[in-house]
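Visitor: pasting the structure only:
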């Protein structure tokens, strides 16, 4: 009987006999190949583990966020963790939790409007929220506020940060409300993830959302990582990068640093995010997802080891351990997250995340309710204390590719205020002008009016708010210009002495990769 049960676990979860987990009261019981059964207590424990895990992970890695770009964080670098640290950080550094309060914004819309809430409600809720945002999130917010709706708001032609990590760090909710149902999570991500991302940036959320869903069904992390990748088109760079990490883990099973170096060599040349072009900074979803997967695979189910490795991979060193800890926390369940990592959690759980009216305690309950609704809607059953989930076989989402036919060709510093006009020449098929009009926490209502001319013709009229939450993250850009020599003129229509429109750098693109020095 025991051998039969273990074989059934292997069939359902895709595990080998040697990898099959020891029996545990926190694991779902297999019913058929297409369904699992578990109690309400187990489901809620796993949902709590997912929300608690990501909160622990982001708090742990917070002090190291983007302080180590293009390099490992060595073991001699101490990382603080002590009783009271969670509450202290949530109280004193609330902006750290963008990858939680963004989730909660979307959870709140589902709670108020139901599972069929339109994409416009999610877009409006986050675009008008009081919290600060960056990269694709802020670019998407600006687009929504200026009449560019989803999915155009996240498309790379309208959003230079389309491939950035943003939806990846806030897709946890989609997986946690879709236990065992990766395709359902993908449908949610198709709706919400395209508000701010496209292509590889969107795939980051689709994939990590899928890992959450599968963490309800198996405690074999290698299986979860491989199975979740079936949601991503094989022709995408994102798929190929994560597949490489899986292969390198097999090749170097005890050396996560070697796999990190392989990722660094092959996948870290950013072409989209203006802050990462020609710089070691990398907020690309592909690379940072690779760091999440490195943590999950080399952590071997150990919570502390998983969080530690995902953090020490560097770059977005708070969001990556947050994702890894959330996925592993879902697999383990709240009660099996080690006491060391849960110290101080009880006093943090009642606190509303800033800019929201929701705490961890709240989302534990609301998330559980939404998961039950999704289970029933998608062919499962809730009978008394027993839950049957109709498990879905992952299917790939549509293929999307950002910045096709565009390769960085130069980065030139301007570093001056736009007084009336500024003109520059370039040769290629696209450009981005970085800069800023808003200082941190500025609530100014003043809006600069600017005109952009390309080769003597008015290209667009652009509003540049001086409020921080309303700012345009990149000042000007245009892709898919006919390849050739071009002149760009920037004209400020309403200068003021009270605010400045600071021009940063000009990044240009062409249609072919630049030759290497050795190849010239």
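Guide: In hand now; what should we look at? Everything numeric here is computed off the predicted structure, so don't read it as measured data. Numbering: from 1, shown residues only.

Visitor: By residue count, which strand of the protein is the longest?
Guide: Counting residues, the longest strand found in the chain (DSSP state E) is strand 407-417.

Visitor: Give the next helix or strand downstream of that one.
Guide: strand 421-428 (DSSP states H and E).

Visitor: average pLDDT for the next helix or strand along the chain from that following strand?
Guide: Downstream of strand 421-428, the first helix or strand assigned by DSSP H and E is strand 430-436. Mean per-residue pLDDT for strand 430-436: 98.

Visitor: gap between strand 430-436 and the chain center?
Guide: Between the centre of strand 430-436 and the centre of its chain there are 23 Å (Cα atoms, centre = their mean, to the nearest Å).

Visitor: cool, and stretch 487-507?
Guide: 31 Å.

Visitor: one step back: in its sheet, what does the longest strand of the chain sit against?
Guide: strand 502-510 (antiparallel) (DSSP bridges).

Visitor: ok, residues contacting the partner strand?
Guide: 271, 274, 277-278, 403, 406-418, 422, 424, 426-437, 475, 479, 483, 490 (Cβ atoms under 8 Å, 6 or more residues apart in numbering). For the C-beta atoms, the positions are set from N, CA and C on the backbone; glycine is no exception.

Visitor: quick one: residue 49 from residue 356, how far?
Guide: Here the criterion is Cβ to Cβ, to the nearest Å. By it, residue 49 lies 21 Å from residue 356.

Visitor: can you check residue 281 too?
Guide: Where residue 356 is concerned, residue 281 sits at a distance of 29 Å (Cβ to Cβ).

Visitor: try residue 156
Guide: 30 Å.

Visitor: now swap in residue 343 and tell me
Guide: Between residue 343 and residue 356 the computed distance is 24 Å (Cβ to Cβ).

Visitor: what sits against the residue lying closest to residue 389 once chain neighbours are set aside?
Guide: Leaving aside its sequence neighbours, residue 389 sits nearest to residue 180 (Cβ to Cβ, 6 or more residues apart in numbering; 4.2 Å). Applying Cβ under 8 Å, 6+ apart, one finds that residue 180 lies in contact with 36, 213-214, 216-217, 389-392.

Visitor: one more time with 7 Å
Guide: 36, 213, 216-217, 389, 391-392 (Cβ atoms under 7 Å, 6 or more residues apart in numbering).

Visitor: Nearest to residue 254, out of those: which one, please.
Guide: Of all the contacts of residue 180, residue 254 sits closest to residue 217, with 27.3 Å by Cβ to Cβ.

Visitor: Buried among the contacts of strand 502-510? Need that as a selection in PyMOL.
Guide: Paste this into PyMOL to select the buried members of those, with burial taken from 16 or more other Cβ atoms under 10 Å:
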select buried, resi 271+274+277+403+406+407+408+409+410+414+418+422+424+426+428+429+430+431+432+433+434+435+436+437+475+479+490
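
Visitor: hang on, residue 462 in a strand?
Guide: Yes: assessed with DSSP: H, G, I helix; E, B strand; the rest coil, residue 462 lies in a strand.

Visitor: Quick check: beta-bridge partners of it?
Guide: residue 450.

Visitor: State the pLDDT value of residue 31.
Guide: pLDDT for residue 31: 41.

Visitor: The spatially most central residue of the chain: what secondary structure?
Guide: With the centre of the chain defined as its mean C-alpha position, the nearest residue by Cα atoms, centre = their mean is residue 168, 1.8 Å away. Classification of residue 168 using three-state DSSP returns helix.

Visitor: Output the contacting helices and strands for the helix or strand that contains residue 293.
Guide: Following DSSP H and E, one finds residue 293 within helix 285-299. Other elements packing on helix 285-299 under the criterion 3 or more Cβ pairs under 7 Å, 6 or more residues apart in numbering; DSSP states H and E are helix 166-170, helix 199-215, helix 221-228, helix 237-251, helix 256-267, helix 303-312, helix 319-332.

Visitor: If we use 6 Å, what do you get?
Guide: Contacts defined by 3 or more Cβ pairs under 6 Å, 6 or more residues apart in numbering; DSSP states H and E place helix 285-299 against helix 199-215, helix 237-251, helix 256-267, helix 303-312, helix 319-332.

Visitor: Name the residues of that helix that are buried.
Guide: Using 16+ other Cβ under 10 Å as the test for burial, helix 285-299 gives 285-299.

Visitor: tilt between that helix and helix 256-267?
Guide: Helix 285-299 and helix 256-267 are oriented at 160 degrees to each other (axes from the mean of the first three to the mean of the last three Cα atoms, to 10 degrees).

Visitor: Quick one: residues in contact with helix 285-299.
Guide: Contact with helix 285-299 is made by 165, 168, 200-201, 204, 221, 225, 237-238, 241-242, 245, 249, 256, 259, 263, 267-268, 305-306, 309-310, 313, 315-316, 320, 323-324, as judged by Cβ atoms under 6 Å, 6 or more residues apart in numbering.

Visitor: Please apply the same query to stretch 126-140.
Guide: Looking at what lies outside stretch 126-140 - Cβ under 6 Å, 6+ apart - the contacts are 101, 105, 141, 144-145, 153-154, 159, 161, 164, 166, 195-197, 201, 355, 468, 473.

Visitor: circling back: quick one: closest of the helices and strands packed on helix 285-299 to residue 121.
Guide: Per Cβ to Cβ, nearest to residue 121 of the helices and strands packed on helix 285-299: helix 199-215, 18.3 Å.

Visitor: For the closest one, enumerate the helices and strands it packs against.
Guide: Using 3+ Cβ pairs under 6 Å, 6+ apart, helix 199-215 is in contact with helix 166-170, helix 172-176, helix 182-192, helix 221-228, helix 237-251, helix 285-299, helix 319-332.

Visitor: 8 Å instead?
Guide: Here helix 199-215 touches helix 40-61, helix 166-170, helix 172-176, helix 182-192, helix 221-228, helix 237-251, helix 285-299, helix 319-332, going by 3 or more Cβ pairs under 8 Å, 6 or more residues apart in numbering; DSSP states H and E.

Visitor: So what touches stretch 378-390?
Guide: With contacts defined as Cβ under 8 Å, 6+ apart, stretch 378-390 is touched by 28, 31, 34-41, 43, 178-181, 184, 216-217, 372, 375-376, 392.

Visitor: Let's see that with 10 Å instead.
Guide: Applying Cβ atoms under 10 Å, 6 or more residues apart in numbering, the external contacts of stretch 378-390 come out as 28-29, 31-32, 34-43, 178-181, 183-184, 187, 213, 216-217, 371-376, 391-392.

Visitor: in that stretch, what counts as buried?
Guide: Buried, per 16+ other Cβ under 10 Å, within stretch 378-390: 378, 380, 387-390.

Visitor: Distance from it to the middle of the chain?
Guide: Distance of stretch 378-390 from its chain centroid, counting by Cα atoms, centre = their mean, is 30 Å.

Visitor: now stretch 239-246
Guide: Relative to the chain's own centre, stretch 239-246 is displaced by 17 Å; criterion: Cα atoms, centre = their mean.

Visitor: for stretch 163-172, same thing?
Guide: The answer for stretch 163-172 is 2 Å, by Cα atoms, centre = their mean.

Visitor: average model confidence for it?
Guide: On average, stretch 163-172 scores 98.

Visitor: can you pull the buried residues of it?
Guide: 163-172.

Visitor: again, but for stretch 135-147
Guide: Along stretch 135-147, these residues count as buried under the neighbour rule (16+ other Cβ under 10 Å): 135-145.
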